[in-house]
Structures are given as structure tokens and as C-alpha cells.
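In: coords please:
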Amino acid sequence: MSKTLGWCLLPTTSDFKQEREARRSSRDIDVMLKRTSQEPVAILVLGISQSGKSTFIKQMRIINGPEFSQQELIDFRRTVYQNIIEGLQELVVKKTKMGIPWENSANETHEMLVMSVESWNMNLEPHTFQGFVTAINSLWNDSGIQEAYSKTKKINFFVSYIPCKQDILYAHKSCRDRDYFVHRNILITRSRSMWKYCFFDHNTTILFMAASSEFDQDLYGDNSLVESLNLFKSVLCNRFLRKCTIILFLNKTDLLAEKVQTADIRKNFPEFQGDPHSLEDVQRFLVECFRERITTVDDSHSFFYHFTTAVDTENIRIAFDSVKETIFRENVKNLMMQ
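Out: Sure thing, here's the model as predicted:
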């Protein structure tokens, strides 16, 4: 009886076959996962001007290396000098339009000096920039400028100044064709010259950046958020990008958190329902604005979103780790469906 029972407990031929199939399936999955993790991937960074695209690319360099060279830091120093002069020129114009007088009449002379500078056409080295430092400091500390720009932050200028990483993130200069970054098997680019690789040679993910804080600001005469939504919709309609995963970065969250305390989004978007001074309500509305564009064009897109602050390295590090995980999951899902 016990001998017969022992035979009954032995695996059958069918059991062995199922076990072999399971092992083979497991090996196939392991091979597929390894292949997926090694396949080249392109992240195409899109968005309107001042949405944070260049800052994001610079963050990729800071997070993943290599370090900026001394020559690159010197180049960024020129950019910072240019940004300072151009920013102050904009404040002077704003002060004049608002009819705000100078606190110190001597600043009328400093104004003439600063406004005469064509920073984009100058080689702003430390010795040339030094000639404007007294005027810049005097204008900046004038209550007229401070009234035009409510947030006061002390600025110091040093001849031996070399930008730190945070300065580089805040520095703004025009996009060049080298505006891309390669991390392992991932090409991250906002440069049009690199788009051909995204369209034809790689698995492509769209990383769309929008400045969440600019719902009440204009860009070239049009509302910035409306411009972002229009560009987002045109991206969705692009026949080359129909099957791309869409990841939305609603950027400048730090500025949005400050703005909602006083601004009312209903002035620009009367359809908003909720508390205009609630960060969560405003963020929820912004997400739905972009989601609606997807449903009206093609709701088959995989859509993910993050609230980001591009100048915050740790925030972008976490967001980019999530982006990489999303890309991997979506690629695995696509392979499983083939």
C-alpha cells in the first residue's frame, strides 16, 4: 500500500513539462528585461520659452556628471554678468512705466550708464563688469527698484567670482545645438538638431515642461499657460509622436506656492472651480487642463506628471529616477504586447 502511495506522489510527465515551460518562460522574461534595460532611449524635452528646459538639462549634467570644466564655468560667468545687467535694465523699465521715482536722484546718472549697455554685444569679463558694479549696487538698493521688484535679495559682485552650481542653474542663455545630455543609454535633448535620433532610432518619451506659476503671465503678448497648452496639443497631434509616452513636468512649483497666496487664477481661467489660494486645488486644475488636451486628441497616450522645481537638484533627482522607472515599465509593457 505504501509503495503504491509513493508512486502516486511522484511528479508526472505533465508536471515535468510544466516546470520546464515555467523555467523557459522565466529565462525569456529575464532576457527581455535585460534587453529592455539596455535598449537606447530618447527623452525629447519640449515646452515653451522659460518653462525650465535648459535648467533641466543642466541638472542632468550636475546629477550625472561630468563636472563642469573651468572654461565652462568662465563661460557661465559671462552669462551671469549678462543676466544681471539685462535683469536690472528690465527693472528700470518697469519702474519707469509704473511711475515710481528714484529715492536717490544720483541714480539717474547710474541709470543712464546701465541702460546704455548692450550686454549681448559685450565681452563681459571681470575687469569690464567691474566698471558697472557701483551703478548696479546703487540702483539695486534704491527703494524705487525695490518697489518694482518686491523680493529683496542681497547681491554681491566679486572680481574673482566663479559661478557655483546653483548660479549655473539660475543663469539663462539661448539654446545651442549642444543642448543635450547622454546618460548611459538615455539621450536627453531639447536640441532640434538631435530630433532625428528621437524619431527614427530610439524609443522616445516626451518630457513636456510647463511653468505652473505663469498662469497669469504673458509671453510675447499671449497667456503663458495657454501657450503651453496649445504647444502640448500640437505635440500630441504630431504623427511621429503618436505612440510616445508623455511625461508632464509642471515646473516652478516653488513660485506657484508663493503666487497662489495672493493671486487669483480665476481672473485668467474663470472655469476654475475650487479655492484659488489652495496650492492643491490649483495644481489639480493645471493637471486636468493638460489631461483634457490628451482626451480630445488621442487618449491612448500613456500620461504621467510630476510637480517640479528645476533649480532644486534633489527634487529633479527624484523626479528623474521616477521618469527612468516609468520608461522601463512602459517599454516592458510594450514588449509584452508584441
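In: residue 63: how many residues sit nearby?
Out: Burial measure for residue 63: 15 neighbouring residues, criterion other C-beta atoms under 10 Å. Every residue, glycine included, has its C-beta placed from N, CA and C.
In: pretty sure it is in a helix, no?
Out: Yes. Residue 63 forms part of a helix when assessed by DSSP: H, G, I helix; E, B strand; the rest coil.
In: measure it to residue 264 for me?
Out: 36 Å (C-beta to C-beta, to the nearest Å).
In: now residue 78
Out: Counting by C-beta to C-beta - residue 78 and residue 264 are separated by 40 Å.
In: show me the strands in the chain, by range?
Out: 41-46, 180-183, 186-189, 203-211, 218-219, 222-223, 245-251, 303-307 (DSSP state E).
In: dump those to CSV, plus mean neighbour count and distance to residue 315.
Out: Converted to CSV, these look like this (neighbours: other C-beta atoms under 10 Å; distance: least, C-beta to C-beta, whole Å):
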stretch, mean neighbour count, distance to residue 315
strand 41-46, 24, 16
strand 180-183, 17, 18
strand 186-189, 22, 17
strand 203-211, 24, 13
strand 218-219, 14, 24
strand 222-223, 14, 26
strand 245-251, 25, 10
strand 303-307, 18, 9
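In: and those, which one averages the lowest pLDDT?
Out: Across the strands of the chain, strand 180-183 has the smallest mean pLDDT, namely a mean of 67.
In: mind checking which of the strands of the chain is nearest residue 70?
Out: strand 180-183 (19.7 Å; C-beta to C-beta).
In: output the below-cut-off pLDDT ranges for the stretch 201-338 of the chain.
Out: Of all residues in the stretch 201-338 of the chain, those with pLDDT under 70 make up the ranges 201-202, 299-300, 331-332, 334-338.
In: tell me which of residue 78 and residue 264 has more neighbours.
Out: residue 78 (19 against 12).
In: from residue 137, how far off is that one?
Out: For residue 78 relative to residue 137 (C-beta to C-beta), the value is 20 Å.
In: now the helices for this protein?
Out: Along the chain, counting by DSSP state H, helices occupy 2-9, 13-38, 53-64, 70-97, 107-115, 126-140, 143-148, 165-170, 195-200, 224-237, 253-259, 279-297, 313-337.
In: out of those helices, deepest packed?
Out: helix 53-64 (a mean of 20; mean count of other C-beta atoms under 10 Å).
In: avg pLDDT for that helix?
Out: 88.
In: just the angle for that helix relative to strand 245-251, thanks.
Out: 100 degrees (axes from the mean of the first three to the mean of the last three C-alpha atoms, to 10 degrees).
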